[in-house]
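3D model of this:
(chains A and B)
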Amino acid sequence: MSYIDIIPVGEVGEPVLSFLKKGIFETFKIQTRIRNRPFDLSLTYDPARDQYNSNGLLLELINAPPPETLKILGVTELDLFIPIFTFLFGEAQLNGRGALVSTHRLHNQFYGIPEEKELLESRLLKESIHELGHTFGLIHCFTLKCVMKSSTYVEEIDQKSVRFCRSCEQEVLHWRNGLKEYGVME
Amino acid sequence: MNSQGVGILVVDDEFSVRDSLYNWFRNEGYRTDTAESGAEALKKLQDSLWDIVLLDIKMPGMDGMELQKHIKKIDNTIIVIIITAYATVDTAVEAMKEGAFDYLSKPIDPDKLSILIRNAVNQRRLIAENIQLRQKVEELTLQDEIVGESPQIKKILEMIDTVAKTDATVLIRGESGTGKELVAQAIHGKSNRRYFPIISINCGAFPEGLLESELFGHEKGAFTGAQYKRKGKLEMANGGTIFFDEIGNITVKMQMDLLRVIETKQFTPLGSNKVVNVDFRIIAATNSDLEQKVAEKDFREDLYYRLNVFSIQIPPLRERPVDIPPIAHYFLEKYARSMNKDVTDISPEAMKMLVQYNWPGNTRELRNTIERALVVVGKKNKIEIDDLNLLFHSKANPPGDSLEEIEKAHVKRILEQSDWNISRSAETLKIDRVTLYNKIKKYGLQR
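Modelled structure (predicted):
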């Protein structure tokens, strides 16, 4: 059996992780589980920017996974950056194993407006599927409603749907069929 | 907008910057590569094609400014985006003066990067489209439909090349169907005005009032039936060329108006009180005897001299039979392709008939004859005499095959065409008058 592992990076509430587990399984039809493991966050903290280096966290995240782990999704409340960018909603390895998403800038509160739990969950699920999509080899899509459409504003995340467009869906299906063919997935 | 096929080269000495941008662009679907120095970037730029180069200003060795100059030498359509720290914004501004598209300050806001790259891709596409369209316009405008091997046609092509480079007014003369508009288009197509329109107006096709409105345009309500404001052809030709066909057919009043426009390059649309300034080149054509019209006061002398700055006389097809086979083949190929027919040749007998025919309608008639022949040719791959439909109205009167018989018939025809004007006939035949008299005597030709 192969799994998509959801790993909390720092403090992340259980209800959020369970919600993600369900949504990701429904999308990718691959067994999904929550796996806890310790992180030394201090190594990736940049006091000058008061942010955490996403590259470092991602490398730590994919380090020595169990053999049954197919993909890894790190979920964090931390504000992420990479040296060249001011911030990131998430990051993933194209055709690789690891992806990381941050809820920090998905909260309405971050923009000074009242919090909406359902909206936050919806944004988080979209960004999680989006980043995991990259690990399945999907690049940004230009279909307006496709979850693989690039978003640099939360408003753009709200505009797209939680689903893949037909073309991206086909690619994921192709991937899944390949996994079945090679006995990686039942 | 689609990123497919767009190549982005990231040049930065910092690994983390190269790596992050490389991953970002790959996720966006761009073809991406990185270089850690100016020298490596130049090698990659020479090895393959790149659309956008993201360039760090401060690098050891060759810096970004110097690299930008080299990039512009390799391909000045490549979009260069400068990456800089806050401290070097002045340098980035300097780089933009040198032709950089924009600059980004580190750390980069992902929103800004997204928008900037999207704009850069659009800009690059617009440049490429512009180049393609310009090439297409050049191909279309230089489409050489003036076919012929005779010395007269070669001379006309030379004259077109000479006059095209100037802004001189050209008067094209020739019988109906000789291709006066084609010559006008060739002049326009080789001129510096070729990216602007050539507007044709057939002066013989409009009654006076309508010609005025057609040329100058009108305001809404300028006259009964003027329901909308309409631009005139003079205004539409702004920047380009206006071609007055059948210029000999305009009324004296219109001649006066036209003369004023030619002199001032200004006019007032009908019903308007605003003067419109225009810039165009004038080419006119006629098959009438303008000198005769001037003598009879039917055509203004001052307008005649204004138009007749550079004159091109197109001889009728019958005076250059050597041009008939290449023109016939040209139309054969053209219409066979458009009708999707596998007709590749004209039989020797049919060609002989085409060469001997008088062609009163000139090249236009030859074109129509070949087009019609291709319709009736059926499944044959060659046009035969029967397909030509020239017999029932043909003025062809095969004189015989000997050179003497052909010469006699030809000299007789030229004399008849000029109403036995010896000087004009000798000029057409390119012989002196004495030689012509000798030939008249030799062949016993009589009026």
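
now the strands for the stretch 1-150 of chain B?
Assigned by DSSP state E, counting those that start in this stretch, the strands in the stretch 1-150 of chain B fall at B:7-11, B:31-35, B:52-56, B:79-84, B:102-105.

got TSV for those strands, with mean pLDDT, distance to chain A and mean neighbour count too?
In this view, the C-beta of every residue, glycine as well, is placed from N, C-alpha and C. Formatted as TSV, these follow (pLDDT from 0 to 100; distance: least, C-beta to the nearest C-beta, whole Å; neighbours: other C-beta atoms under 10 Å in any protein chain shown):
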stretch	mean pLDDT	distance to chain A	mean neighbour count
strand B:7-11	94	10	25
strand B:31-35	93	11	20
strand B:52-56	93	10	26
strand B:79-84	90	8	24
strand B:102-105	87	9	18
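
so can I have JSON lines of those strands showing distance to residue B:169?
As requested, these are exported to JSON lines (distance: least, C-beta to C-beta, whole Å):
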{"stretch": "strand B:7-11", "distance to residue B:169": "49"}
{"stretch": "strand B:31-35", "distance to residue B:169": "53"}
{"stretch": "strand B:52-56", "distance to residue B:169": "47"}
{"stretch": "strand B:79-84", "distance to residue B:169": "43"}
{"stretch": "strand B:102-105", "distance to residue B:169": "47"}
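
need the residues that contact the helix or strand harbouring residue A:91.
Using DSSP states H and E, the element containing residue A:91 is strand A:90-92. Strand A:90-92 is contacted from outside by A:54-55, A:58, A:80, A:82, A:98-102, A:127-128, A:130-135, B:23, B:27, using C-beta atoms under 8 Å, 6 or more residues apart in numbering or on different chains.

if we can go back for a sec, to residue A:38, which of the strands of the stretch 1-150 of chain B lies closest?
Nearest to residue A:38, of all those, is strand B:31-35, at 34.0 Å by C-beta to C-beta.

how far is the closest one from where the chain is centred?
Its chain's C-alpha centre and that of strand B:31-35 lie 42 Å apart, by C-alpha atoms, centre = their mean, to the nearest Å.

what about the residue in the stretch 201-350 of chain B that chain A sits nearest to, how many neighbours?
Residue nearest to chain A within the stretch 201-350 of chain B: residue B:340 (36.8 Å; C-beta to the nearest C-beta). Neighbours of residue B:340 under the rule other C-beta atoms under 10 Å in any protein chain shown: 6.

check the gap between it and residue B:78 for me.
Noted for residue B:340: a distance of 43 Å to residue B:78, by C-beta to C-beta, to the nearest Å.

ok, residue B:163 next?
If you go by C-beta to C-beta, the gap between residue B:163 and residue B:78 works out to 39 Å.

what does residue B:249 give?
Following C-beta to C-beta, the distance that separates residue B:249 from residue B:78 is 55 Å.

got a list of what the closest residue to residue B:259 other than its chain neighbours touches?
Excluding the flanking residues, the one nearest residue B:259 by C-beta to C-beta, 6 or more residues apart in numbering or on different chains is residue B:303, at 4.7 Å. By C-beta under 8 Å, 6+ apart, the contact set of residue B:303 is B:255, B:258, B:259, B:262.

surely residue B:303 is within a strand?
No. The assignment for residue B:303, made by DSSP: H, G, I helix; E, B strand; the rest coil, is helix rather than a strand.

got a pLDDT number for it?
Looking at residue B:303, its pLDDT stands at 93.

do residue B:198 as well
Listed pLDDT for residue B:198 reads 88.

quick one: it from residue A:147, how far?
As judged by C-beta to C-beta, residue B:198 and residue A:147 stand 53 Å apart.

could you give me the average pLDDT of stretch B:276-294?
The average pLDDT within stretch B:276-294 is 91.

look at residue B:404 and give its secondary structure.
Here residue B:404 takes the helix state, with states given by three-state DSSP.

and it, how many neighbours does it have?
Using other C-beta under 10 Å, residue B:404 has 11 other residues around it.

which residue ranges of the stretch 201-350 of chain B form strands?
For the stretch 201-350 of chain B, the strands defined by DSSP E, counting those that start in this stretch cover B:217-218, B:230-231, B:241-245, B:266-267, B:276-277, B:281-286, B:310-314, B:345-346.

need those strands in TSV (columns: distance to chain A).
Shown next, in TSV, are the strands of the stretch 201-350 of chain B (distance: least, C-beta to the nearest C-beta, whole Å):
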stretch	distance to chain A
strand B:217-218	44
strand B:230-231	39
strand B:241-245	43
strand B:266-267	49
strand B:276-277	45
strand B:281-286	45
strand B:310-314	54
strand B:345-346	51
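
want to throw those strands into a markdown table with distance to residue B:169 and mean neighbour count?
A markdown table is the format used below for these (distance: least, C-beta to C-beta, whole Å; neighbours: other C-beta atoms under 10 Å in any protein chain shown):
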| stretch | distance to residue B:169 | mean neighbour count |
| --- | --- | --- |
| strand B:217-218 | 22 | 22 |
| strand B:230-231 | 23 | 15 |
| strand B:241-245 | 10 | 24 |
| strand B:266-267 | 17 | 16 |
| strand B:276-277 | 18 | 14 |
| strand B:281-286 | 5 | 25 |
| strand B:310-314 | 7 | 17 |
| strand B:345-346 | 39 | 18 |
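
dump the strand or helix carrying residue B:410 to CSV, restricted to CA.
Assessed by DSSP H and E, residue B:410 sits inside helix B:403-417. Provided in CSV are the C-alpha atoms of helix B:403-417 (Å, rounded to 0.1, in the frame of the first residue of the first chain):
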residue,chain,number,x,y,z
LEU,B,403,10.0,35.5,-90.9
GLU,B,404,9.2,37.8,-93.9
GLU,B,405,5.5,37.0,-93.7
ILE,B,406,5.4,37.6,-90.0
GLU,B,407,7.3,40.9,-90.3
LYS,B,408,5.1,42.1,-93.1
ALA,B,409,1.9,41.4,-91.0
HIS,B,410,3.4,43.0,-87.9
VAL,B,411,4.6,46.2,-89.7
LYS,B,412,1.2,46.5,-91.4
ARG,B,413,-0.6,46.1,-88.1
ILE,B,414,1.5,48.8,-86.3
LEU,B,415,1.0,51.2,-89.2
GLU,B,416,-2.8,50.7,-89.0
GLN,B,417,-2.8,51.1,-85.3
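
I'd like the average pLDDT over it.
On average, helix B:403-417 scores 84.

who are the packing partners of it?
Where contact means 3 or more C-beta pairs under 8 Å, 6 or more residues apart in numbering or on different chains; DSSP states H and E, helix B:403-417 is packed against helix B:422-429, helix B:433-443.

between helix B:422-429 and the longest one, find me the angle.
Note on geometry: by axes from the mean of the first three to the mean of the last three C-alpha atoms, to 10 degrees, helix B:433-443 and helix B:422-429 are set 90 degrees apart in direction.

may I see the buried residues of helix B:433-443?
Across helix B:433-443, burial judged by 16 or more other C-beta atoms under 10 Å in any protein chain shown covers B:436, B:439, B:440.

any residues touching it, and which ones?
Contacts for helix B:433-443 (C-beta under 8 Å, 6+ apart): B:407, B:408, B:411, B:412, B:415, B:422, B:423, B:425, B:426, B:429, B:431, B:445.

around chain B, pick out the residues from chain A.
Taking C-beta under 8 Å from any C-beta of the partner chain, the part of chain A that reaches chain B is made up of A:49, A:55, A:81-88, A:91-94, A:134, A:139-140, A:142, A:150, A:152-153.

in helices only, show me those residues.
Judged by DSSP state H, helices contain the following of these: A:55, A:134.

take the residues of chain A next to chain B and keep only those in strands.
A:81, A:82, A:85, A:86, A:87, A:88, A:91, A:92 (DSSP state E).
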